[in-house]
Every structure is written in C-alpha cells, then in structure tokens.
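Asks: My questions concern the predicted model and sequence given below.
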There are 2 protein chains.
Amino acid sequence: MMKSINSISELYLPAIEKELRSIIAMAYHRDLTEYIYMLEYHLGWEGENAGPHASGKRIRPLLVLLTCAAAGGEWIQALPASAAVELVHNFSLIHDDIQDNSPLRRGRPSIWKKWGVAQAINAGDSMFTLAFMALFRLQETATAGTTIPAMRILQQACLQLTQGQYMDMAYEKRGDLNLQAYWPMVTGKTAALLSACTELGALVAGCTPIVQATYRKFGYLLGLAFQAHDDFLGVWGDAALTGKSTESDLVMGKKSLPVLFGLSQHGLFAQRWSKGPIQPDEVPALVAQLEIEGARIFTEKTAEDLTMQSLASLAEAQPQAEIGDELRDLSLQLLGRKN
Amino acid sequence: MMKSINSISELYLPAIEKELRSIIAMAYHRDLTEYIYMLEYHLGWEGENAGPHASGKRIRPLLVLLTCAAAGGEWIQALPASAAVELVHNFSLIHDDIQDNSPLRRGRPSIWKKWGVAQAINAGDSMFTLAFMALFRLQETATAGTTIPAMRILQQACLQLTQGQYMDMAYEKRGDLNLQAYWPMVTGKTAALLSACTELGALVAGCTPIVQATYRKFGYLLGLAFQAHDDFLGVWGDAALTGKSTESDLVMGKKSLPVLFGLSQHGLFAQRWSKGPIQPDEVPALVAQLEIEGARIFTEKTAEDLTMQSLASLAEAQPQAEIGDELRDLSLQLLGRKN
C-alpha cells in the first residue's frame, strides 16, 4: 500500500520551513524589521491570514528532498537546495505580481499592493539573493564538490526563468503566435525550475551523471505536464467555467496552450481573438468554439502524454521503491489527480 | 613619474568589455533578440547614442583588476569577477531607475521608459543572474578554491545592496532621521559593492586573509568617501548650484549627508525641511542656510577624512609600487580630484 502524501509532508515540511527561516534570519538587522517582515509576509509566516494556506504548497522543495531520497541520498543534506528553489520561486512570484498587476497572492494582498512597487521590486531582489545564499549552505551539508555544480544548475534555471518571463510578456503584444511559441516559453517559466529541483536532488544524492540527467528529464517533463494541465484548468477548470468568468484565461488574454492551439486552427476562435480583449459574457460561447475546434482534446491529450513521459523518466531512474511511489504521488497530485 | 589613468584604461577597458560581451552572449537565443538588446542597450553598446559615454566609467571592474594587479596577481584572472561586479551594479541601476521614476540613465532613456516597467524589472533580474554566471567563470581563470569564497563575497554585497536600497526608500517617508541613519544606508548602497570589488581583486591575487581584509577596508572607506563627496556635489556641485535647480538633492528630497547634518542641527533648515518638498526657487537660500549651520564644512571634512583613511588602508596593504599609484589615482579620480 502506498503511503499518503501527508506522511512525507509531516516529515519534510517542518524541516523546509525551518531551513527557510534560518535563511531569512541571515538578513536580520536591527534597522530592518520592515524589510524582513515583507519577506516573512510573502512566505506566509506573518501578517493577516498567515499560515500554511498563505505559504503555498512548497511543491518545489518537496520535489528536491523526495528526489534526493528516492535516488538513495540523505534528504537532510538537500535542505539548502530545497530552500534555494523555494526562494527563487517566491522571488519570481513577487516580481510576477508587479508585472501582471495582480493585487492578490494566495488570497492575500501581494507585496506591491501593500508596500508599493518600489519596495516590492527590492523585496524580490533580496529574496533572489537569499536563494543563492541558501544554496551556498550545501557547503556544510553535502559532500565536497556539490556546491559548484549546484550553483550552475540554479543559475541556468534562473536565466531560463527570466527568458520565459520575457517571452510571456512579449507575447501579450503579438497576434502572429502559434503552438511553436508555447514550448520555449513554458520551458523557461515552469519546466526550468522544476527540472532544477529534481536535478539538484539527484546531485546531492551523488547519482551518476546519467541518472542525474534522467531525474532532470523527469522534472522537466513534469513541468511541461503541469503547465499544460494548468492551462487546461484556465479554460475548463471549475473556477474558469463556473466561478467568475474573470478567472478564465480567455478574459486574461493569456497565451495558453488551448488558446495557441485555437490560433493555429485559423478558425472562428482565431477570428474573434484577433479582434481584441474577450469580455466575460463571451466566455461560454468561445469555450464551446475552442472545444469544437479540438483544443480541449488536444490540451488534455498533451497533458496526459507529458505526464506519462514524465513518469516513464522517473521509472527509468529506478528510484527506491517506497519513496519512488511517493514521488509519483506528488507528481500526480501536482497534476490534479488523486492517484 | 606616475602613469596616467588613460594607460590603465587602454589596457583593461577593452578586456572588460570583451568579458561582459561574452557573458551576455551566454543568454543568446534565437527567440530573444529584443531581450538581449535591452541588456546591450543598458550596457551602452546598442541603440541611440551608444558608446563609452552610455556605458559609464566601469569604475568597479577597473577597481577589481587594479587591486588584483596591485596585490601581485594576474589581472586577467580577475576578469570574471570584474564583469560580475559591473553586472550587479547595472542590475541595481535598472531597478533603481524604476524605483526612483528616473526617465534618464547616462543621458539616454532608461529601460523602463523604453520598454515599460514589467520588462525592465525582468531585464534587471536577468542581469542579476548573469552577474553570478559571470563570477562562475573564475572556475576557468583563477586558482582552485577561489570561486566559493568569491561567491560568498558577492552574495553578501548583494544582500547589503538590497538592505541599503530598502533604507533609502523607507527614509523618504520619515521625518525623524539624523546622521546615525546615514552610515548603514550608504554602507549598503555604495560601500558594500566597492568593498567587494577590492576584496575580490585581492582574493584572486591570492593574498593572505589579513591583506585581503585591508584591501576590503580600502574599498569600503573609498565607497563611503565617494558617497560623501557625491552628496556634497548634490548640494554644492556646479550642476546643483548653477544648472537647473532640479539637479539639487534638496529638490529631490534626498536624505543625503548635508541634509541629515542639517536635520541634526534642529535649526532653520530643519524647520523648513519638515514642512514639505523644497521648490527650485528656494534652493539658493536653503543652500546658504545649510552652509551657515555648518553642513558644508562638515560634509567636505567628512569626505576628506574618509579619503585619507581609505588611502591609508591602501598604503597599509603595501600595493606594488607603480600599480598602487594607479589605484590611488583611480580613487582620487572617483573623488573628483585631479591627483
């Protein structure tokens, strides 16, 4: 019988929070209580409605630790890497919220909304710096020679992150996009950091380069699958369909997988899209049109194929039995499936 | 006879540009021509009025290379570190311009003015990432064991940079400040990166920890001296006095050294300051009032004392004769003095 996800969380999550807190503590300074508070607020520890819901699911650090353990390593040795990826993720969210003009993050006012754009940019910058300082602690926990390749992995992921973010924003102004534009963008925005998570876990575990590359591929495909699934929910998910229509990616104008598929069909959907922003009351008809043009089946199938490929890579890496099952469960949970 | 500054520039500056270009090239990607162009534009290589004037003086990378050479090292080995500090400096300028709402940088439209705030935030983030990737190349140029301590030095400087930036922005809203608030702020905003420059140069040269700390102190004090001098110019410099009054730090509301000195006197200057923004036509009288209250002499003397202390640290590090003279010249040039 498989262990439930809860059993891992119970073990790993408090250790992740403790590691994150000790990283933030490195920035403590008596004149900087508000500066620190902004970071603690964003991480879900302080302020109104603080708590696990405000912290997010810590999927990325869990992925680092589980991969390390599945690959036969000591998960505790990977804690600095797990904190680093979570801080990179949160740095990007802080800046994302400014860039997207999003007033809310995990149900609470985003940093720029509370402290203004200038301080929010700086809070993101400091979290970015702290991410690298976090990774540096591998010097103390991991075997010699781990820190330098770990730095290289994280730097490469961060560069790809900024490249994906550039594309995402640049695409907003372009009408000539098709499906080919999708993969480089989501590779940068989502898959780069998830592949860094699994690669870092395998690196700390001391895997051979080939096994490390296989775990990396698992994370990369998981990232693409996750994004395809998320894009599916952005059009056909409960919030998009039955909640406020403003939850729909169509209203947001997001160049998501179903939208780019629809544009590639040069049909009625593409005709309407080219005429300007979609209004909430148009959503039901346009969603139906997208489905007629095949976007729903295409998106579902793409997410499904990527999920299978991702899990095949995981199997190929030959993870330790029990912990490998838990890693598989975490992946399926990320993809919104019970099992 | 001393060599002129030009002779160093002629040797080092092209090598610095070449190193910077090869770092930016690491981000090349066929879908990213505009993304790369933003970075090249900011570094002064592309776009309207591109050229040395648009690139800035490259003081920080020069400081790295000169310190390395003065400490008996091979300056070429320090090129990755010199590129790293310049990229950190430029990352902070890109974000600074957004935070200060400054439409111009080195006489040209700033990135946010040309491409919008969202893309400018991202361009800064990518330059920040590239700075760490640049430093990483010490693996190829410097002796084994240099990269890890170099990373630590740069990370610490970046953290202090964000802390100083926080203070600077937070101070804008506070009326209760005095001179004590000044030093932690300028340590972060200016001295942290300059001390990293000289420490990195000495590290690559393979100095003993004591000599390295002495070079670090030289850079730190140089940074404080530079800021005090720059703050002097912000009130009594030609541009502030005879140019547009909007060049005056008094109109900008900047919590500079003379202003904080004035506030600490609780005199007529402090009374006027507490009443709200200074208008351009009030500048001449307020400048005179600041001088009466002793701010001019205090600021000049502070900059002078710090310069002397900085040069004393340089002498204490016992730099190689000729190159040490050139380092001294560069410092004095930075402080606006002929010799």
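Replies: Now that the structure is in, tell me what you want to look at.
Asks: next structured bit after the helix-or-strand element of chain A with minimal mean pLDDT?
Replies: None of the helices or strands of chain A scores lower by mean pLDDT, DSSP states H and E than helix A:238-241, at a mean of 75. As assigned by DSSP states H and E, the chain's next helix or strand after helix A:238-241 is helix A:249-252.
Asks: Can you dump the C-alpha atoms of the strand or helix carrying A:A123 in CSV for me?
Replies: Per DSSP H and E, A:A123 falls inside helix A:117-136. Provided in CSV are the C-alpha atoms of helix A:117-136 (Å, rounded to 0.1, in the frame of the first residue of the first chain):
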residue,chain,number,x,y,z
VAL,A,117,6.1,48.8,-6.4
ALA,A,118,9.5,50.2,-5.5
GLN,A,119,9.8,48.2,-2.2
ALA,A,120,8.3,45.1,-3.9
ILE,A,121,11.0,45.1,-6.6
ASN,A,122,13.6,45.3,-3.8
ALA,A,123,12.0,42.6,-1.7
GLY,A,124,12.1,40.3,-4.8
ASP,A,125,15.8,41.2,-5.3
SER,A,126,16.6,40.4,-1.7
MET,A,127,14.8,37.1,-1.9
PHE,A,128,16.7,36.3,-5.1
THR,A,129,20.0,37.0,-3.3
LEU,A,130,18.9,34.9,-0.3
ALA,A,131,18.2,32.0,-2.7
PHE,A,132,21.8,31.8,-3.7
MET,A,133,22.9,32.3,-0.1
ALA,A,134,20.7,29.3,0.8
LEU,A,135,22.2,27.1,-1.8
PHE,A,136,25.6,28.0,-0.5
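Asks: relative orientation of it and helix B:117-136 in degrees?
Replies: Using axes from the mean of the first three to the mean of the last three Cα atoms, to 10 degrees, the direction of helix A:117-136 lies 30 degrees away from that of helix B:117-136.
Asks: who are the neighbours in contact with A:L159?
Replies: B:26-27, B:126, B:129-130, B:133 (Cβ atoms under 8 Å, 6 or more residues apart in numbering or on different chains). C-beta here means a position set from N, CA and C on the backbone, and glycine is covered the same way.
Asks: for chain A, which residue is closest to the average position?
Replies: Centroid-nearest residue in chain A, with Cα atoms, centre = their mean: A:T190, separated by 5.2 Å.
Asks: just checking, that residue is part of a helix?
Replies: Yes: under DSSP: H, G, I helix; E, B strand; the rest coil, A:T190 falls within a helix.
Asks: Test my guess that it contacts A:H229.
Replies: No: here A:T190 lies out of contact with A:H229, judged by Cβ atoms under 8 Å, at a distance of 10.7 Å.
Asks: Next, the buried residues of the least confident helix or strand of chain A.
Replies: A:A240 (16 or more other Cβ atoms under 10 Å in any protein chain shown).
Asks: I would like the residues contacting the following helix or strand past the helix holding A:A123, please.
Replies: Beyond helix A:117-136 on the C-terminal side, the first helix or strand identified by DSSP H and E is helix A:138-141. Contact with helix A:138-141 is made by A:76-81, A:146-147, A:150, A:204, B:148, as judged by Cβ under 8 Å, 6+ apart.
Asks: which among these gets closest to B:L224?
Replies: Among the contacts of helix A:138-141, B:I148 lies closest to B:L224 (Cβ to Cβ), at 28.1 Å.
Asks: Apart from its chain neighbours, what residue comes closest to that closest one?
Replies: A:T147 (6.4 Å; Cβ to Cβ, 6 or more residues apart in numbering or on different chains).
Asks: list the contacts for the one you found?
Replies: A:135-136, A:138-139, B:148.
Asks: What ranges does chain A have for its strands?
Replies: Remark: strands assigned in chain A by DSSP state E are A:104-105, A:108-109.
Asks: among the ones you listed, which gets the worst mean confidence?
Replies: Comparing the strands of chain A by mean pLDDT, the weakest confidence falls on strand A:104-105, with a mean of 92.
Asks: just checking, what's the longest helix in chain A?
Replies: In chain A, with assignment by DSSP state H, the single longest helix is helix A:209-236.
Asks: ok so, going back, quick one: which of the strands of chain A is nearest chain B?
Replies: Among these, the nearest to chain B by Cβ to the nearest Cβ is strand A:104-105 (15.9 Å).
Asks: Show me which residues of the stretch 101-250 of chain A are close to chain B?
Replies: Taking Cβ under 8 Å from any Cβ of the partner chain as the contact definition, the stretch 101-250 of chain A meets chain B at A:117-119, A:121-122, A:124-126, A:128-130, A:132-133, A:136, A:139, A:147-148, A:151-152, A:155, A:158-159, A:162-163, A:165-167, A:169-170, A:181, A:184.
Asks: Would you mind measuring from A:D281 to A:G336?
Replies: 28 Å (Cβ to Cβ, to the nearest Å).
Asks: between those two, who's got more neighbours?
Replies: Each of A:D281 and A:G336 has its neighbours counted (other Cβ atoms under 10 Å in any protein chain shown); A:G336 has more, 13 against 9.
Asks: separation between the residue found closest to that one once you drop the neighbours it is linked to in the chain and chain B?
Replies: Take A:G336 and drop its neighbours on the chain: the residue closest to it by Cβ to Cβ, 6+ apart is A:H229, 6.0 Å away. Note on A:H229: its distance to chain B, by Cβ to the nearest Cβ, to the nearest Å, is 24 Å.
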